[in-house]
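Novice: Could you work out the structure for the sequence below:
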Amino acid sequence: MRMKNIKEYTAIIVKVIKLSYLSSKKYTIILWGINIMIGIAFPISTFIWSIFIDKATIGILSNEWKIAALWLGGYSIFWFIQNILNVINEYIENILSAKLNIYTTDKIMKCIADLPMEYFDKSENYDKIQKVNTESNMRSMSIIKTLINLIQGILTMLGTVIILLQVNWIILIILFFLCIPTLVLSLNLSFEKYNIYNARVKDMRFISFLKNMMSEYENIKELRVNLSSEFFINYIDKKYREFLKVDRKIQSKYSFKMIGMDCIEQIIICSMRIYLLINVVIRNMSIGQLSLHINSIDNFRNSIITILNTMASIYEDGLYVNNLFEFLEIKNNIMRENQKYIQEISKVEFRHVWFKYPNTEKYILEDINFVIEKGKSYSFVGLNGSGKTTIIKLILNLYNPTRGEILVNDINLSNIDMEEYLSKIGVVFQDFMKYPLTISENISIASVRQMNNKNKIEKAAKLSGADQFINKLPKKYDTSLFREWEDGVQLSIGQWQKIAISRAFLEDFPVIILDEPTASLDAYAEFELYKKFKDIVKNKTSILIAHRFSTIKLADLIYVIKNGKIIESGSHNELMKLNGEYAYLYRIQSDAYVSK
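Specialist: Residues are numbered from 1 along each chain as shown. All right, here's what the predicted structure looks like:
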């Protein structure tokens, strides 16, 4: 993306100033105020210094130093005030930068949390998230700083313009146009760097993934045993060398051009200084005035360069920050209005539901019809890839049906308030999360309001059987998980699954959904859990996905799915009498256990 006009360029600046103001009204105003004072102070200090030189010259000739000393004292006080303002300015910048970081990070994370699941099915969207997370905060603050430098530069320039107009206005015109080629080179360099950044975002994201993968405890053993670390190290090294080669080529091309421009500038500025020296002799001006005019040339040139460089810098930062604003606007496109609140989930109905994942052509579900009623237990059975977990995702509104509709209490699911709806459902996913938190926090993350409710957390752990290993740990529920953290422990996959199951039992959820809840449990742990299961889900609506038929038999109604279609439904006994797909799968599993 290249900013094509002044309007687009200005819009980015206005958005960043607004972002800064929203993050901290007080510090934004103070920062601008201090920097305006610093900008005004610079030409004034130059003027005071020139008067001191004149008075010092007179003092040398007349041996009278009092007036010169007073001006030197005034200059020193002014210089001291400037330094204090610079120190305060740095302090305010750091505070505002931190507040801006907090504010933007909060906005970004909330936006990510609200994005639909479809967004994460496109790899390019992960690149967008990478860009937003890595560049936005730094670039936003950079624009604020460069805008402030722009104000300082303008104020300094105005002061020096007043001084140089007394000499020759042509000097101002020459100095101004002398800086234009540098600006053009800077803008072109910024755009090339941005294009390079965009081109390598995917590679940088993959490198970051590899680095994290190689430093995670559970991966180290396999990397060591397979001697595969060297492969990834060489891959990362190769990529970085490719990046360096491109960067060096770009930098060298522009560096040579910059050196050429600097040489021309210095020749012209040197000519101007000689002109001023001749002018001093012809007009019989003082040494202080000569110093004032020479310093003014340098100050004017530096202020013009500052102004043009800040414009180039804002342009470059704006290219990156625009990713943030585009990302934050995604949220507005998916917000739903007039959402309805439900007191309970009395019925969930699929009506002629078809579904395929974004960017794919194959339908995972085809013409699915079923009803889930309050207080009953249900199970979905089928081979891997038949669509069982996809049904759960649709019930949880993680995806919308491609065709057909899902009704909750006869209301379309898309019109129901999701926060209210999901608060009534306890879920254990097959690919559950392993949070780098304490055991207590890992369980209560399912309902954050219960984070400090020790009784409920311990009760949930007891129901899942997790209490048996938790109570053996030195810090029990306060134990940190993952070895990467201080005093952390590494749980087995079976222990992790018990932690995940505990989450579903934390609250008195009226609906419980379990997707392969015992896949990693041993036979005894599974037996103990399902002895309790009937009592746990009594008077609740439960949905169970499992491969073990000893578990599935507990359901009041079983739906058999094959190739994305429901081909059978009924209780265990009814399906066995039917002697169809369910009975066939049941016998295969039974024979496997008998043969063992």
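
Novice: Excluding chain neighbours, give the residue nearest to Met418 in space.
Specialist: Asn397 (6.0 Å; Cβ to Cβ, 6 or more residues apart in numbering). C-beta here means a position set from N, CA and C on the backbone, and glycine is covered the same way.

Novice: these two touch, right, that neighbour and Asn412?
Specialist: No: assessed by Cβ atoms under 8 Å, Asn397 is found out of contact with Asn412, at 10.6 Å.

Novice: shared neighbours of these two, anything?
Specialist: Shared contacts of Asn397 and Asn412, defined by Cβ atoms under 8 Å, 6 or more residues apart in numbering, are found at Ile406.

Novice: helices and strands of this structure: which one bottoms out on pLDDT?
Specialist: When each helix and strand of the chain is scored by mean pLDDT, DSSP states H and E, helix 217-225 comes last, with a mean of 63.

Novice: In the chain, which residue is most central in space?
Specialist: When Cα atoms, centre = their mean is applied to the chain, the residue found nearest the centroid is Asn133 (3.2 Å).

Novice: quick one: that one from Leu557, how far?
Specialist: 45 Å (Cβ to Cβ, to the nearest Å).

Novice: How about Ala460?
Specialist: Taking Cβ to Cβ, one finds Ala460 at 27 Å from Leu557.

Novice: Please identify which of these two sits among more neighbours.
Specialist: Ala460 (26 against 18; other Cβ atoms under 10 Å).

Novice: Going along the chain, name the strands of the protein.
Specialist: Assigned by DSSP state E, the strands in the chain fall at 347-355, 365-373, 377-381, 403-408, 411-412, 425-428, 511-515, 541-545, 557-562, 565-570.

Novice: Sheet-wise, list the partners of the fifth one with their directions.
Specialist: On the basis of DSSP bridges, the sheet neighbours of strand 411-412 come out as strand 403-408 (antiparallel).

Novice: Counting neighbours, show which residues of the strand it pairs with come out buried.
Specialist: Neighbour-count burial for strand 403-408, counted by 16 or more other Cβ atoms under 10 Å, picks out Gly404, Ile406, Leu407, Val408.

Novice: got the angle for it vs strand 347-355?
Specialist: Strand 403-408 runs at 160 degrees relative to strand 347-355, counting by axes from the mean of the first three to the mean of the last three Cα atoms, to 10 degrees.

Novice: how distant is strand 403-408 from the center of its chain?
Specialist: Between the centre of strand 403-408 and the centre of its host chain there is 33 Å, according to Cα atoms, centre = their mean, to the nearest Å.

Novice: What average pLDDT does it get?
Specialist: Across strand 403-408, pLDDT averages out at 91.

Novice: Tell me what angle it forms with strand 365-373.
Specialist: Strand 403-408 and strand 365-373 meet at an angle of 10 degrees, taking the same axes, to 10 degrees as the criterion.

Novice: what ranges do the helices span in the stretch 51-200 of the chain?
Specialist: Counting by DSSP state H, counting those that start in this stretch, the stretch 51-200 of the chain has these helices, from start to end: 66-114, 123-164, 169-215.

Novice: Make TSV out of the ones you listed and add distance to Ile34 and mean pLDDT.
Specialist: Listed next are the helices of the stretch 51-200 of the chain as TSV, based on distance: least, Cβ to Cβ, whole Å; pLDDT from 0 to 100:
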stretch	distance to Ile34	mean pLDDT
helix 66-114	5	78
helix 123-164	9	71
helix 169-215	27	74
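
Novice: out of those, nearest to Lys356?
Specialist: Checking the helices of the stretch 51-200 of the chain against Lys356 by Cβ to Cβ gives helix 123-164 as the closest, at 17.8 Å.

Novice: what stretches of the stretch 301-450 of the chain score poorly on pLDDT?
Specialist: Scanning the stretch 301-450 of the chain for pLDDT under 70 picks out 301-303, 331-338.

Novice: Quick one: the helices in it, in order.
Specialist: Counting by DSSP H, counting those that start in this stretch, the helices of the stretch 301-450 of the chain are 388-395, 418-422, 439-444.

Novice: of all the ones you listed, which lies closest to Ile342?
Specialist: Between the helices of the stretch 301-450 of the chain, helix 418-422 lies closest to Ile342; by Cβ to Cβ that is 6.5 Å.

Novice: Identify the residues contacting the closest one?
Specialist: Here helix 418-422 makes contact (Cβ under 8 Å, 6+ apart) with Gln339, Tyr341, Ile342, Ile345, Leu396, Asn397, Val408, Leu413.

Novice: how does it look with 10 Å?
Specialist: Helix 418-422 is contacted from outside by 114, 336, 339-343, 345, 396-397, 408, 413, 416, 511, using Cβ atoms under 10 Å, 6 or more residues apart in numbering.

Novice: what's the closest of the helices of the stretch 301-450 of the chain to Leu308?
Specialist: Nearest of the helices of the stretch 301-450 of the chain to Leu308, taken as Cβ to Cβ: helix 418-422 at 50.0 Å.

Novice: roughly how far apart are the closest residue to Lys476 other than its chain neighbours and Thr134?
Specialist: Spatial nearest neighbour of Lys476, chain neighbours left out: Ile470 (5.7 Å); criterion: Cβ to Cβ, 6+ apart. Distance of Ile470 to Thr134, computed by Cβ to Cβ: 38 Å.

Novice: ditto for Ala460
Specialist: Remark: distance between Ala460 and Thr134 (Cβ to Cβ) = 38 Å.

Novice: same deal with Ile493?
Specialist: For Ile493, the distance to Thr134 - Cβ to Cβ - is 32 Å.

Novice: More neighbours: which of the two?
Specialist: Between Ile493 and Thr134, counting by other Cβ under 10 Å, Thr134 is the more crowded of the two (17 against 11).

Novice: ok, Ile92 - contacts?
Specialist: Ser24, Lys26, Tyr27, Thr28, Ile29, Ile30, Leu31, Trp32, Gly33, Ile34, Asn35.

Novice: Closest to Tyr119 out of those residues?
Specialist: Using Cβ to Cβ, the contacts of Ile92 come closest to Tyr119 at Ser24, 30.4 Å.

Novice: for the closest one, phi and psi?
Specialist: With angles defined as degrees, to the nearest 10, Ser24 sits at phi -170, psi 100.

Novice: so Phe120 touches Tyr126, yeah?
Specialist: Yes: counting by Cβ atoms under 10 Å, Phe120 touches Tyr126, with 7.5 Å between them.

Novice: The residue nearest to Met418: neighbouring residues, count only.
Specialist: The number of residues near Asn397, taken as other Cβ under 10 Å, comes to 17.

Novice: now do Phe432
Specialist: Number of residues near Phe432 (other Cβ under 10 Å) recorded here: 19.

Novice: ditto for the one 10 residues further on
Specialist: Taking other Cβ under 10 Å as the neighbour definition, Asn442 ends up with a count of 25.

Novice: Can you redo the buried residues of strand 403-408 as TSV, where the extra columns are distance to Ile561?
Specialist: Shown next, in TSV, are the buried residues of strand 403-408 (distance: Cβ to Cβ, whole Å):
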residue	distance to Ile561
Gly404	16
Ile406	16
Leu407	20
Val408	21
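
Novice: re the thing from before, TSV for the strands of the chain, including distance to Ile439?
Specialist: Listed next are these as TSV, based on distance: least, Cβ to Cβ, whole Å:
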stretch	distance to Ile439
strand 347-355	32
strand 365-373	32
strand 377-381	29
strand 403-408	34
strand 411-412	38
strand 425-428	16
strand 511-515	20
strand 541-545	25
strand 557-562	34
strand 565-570	39
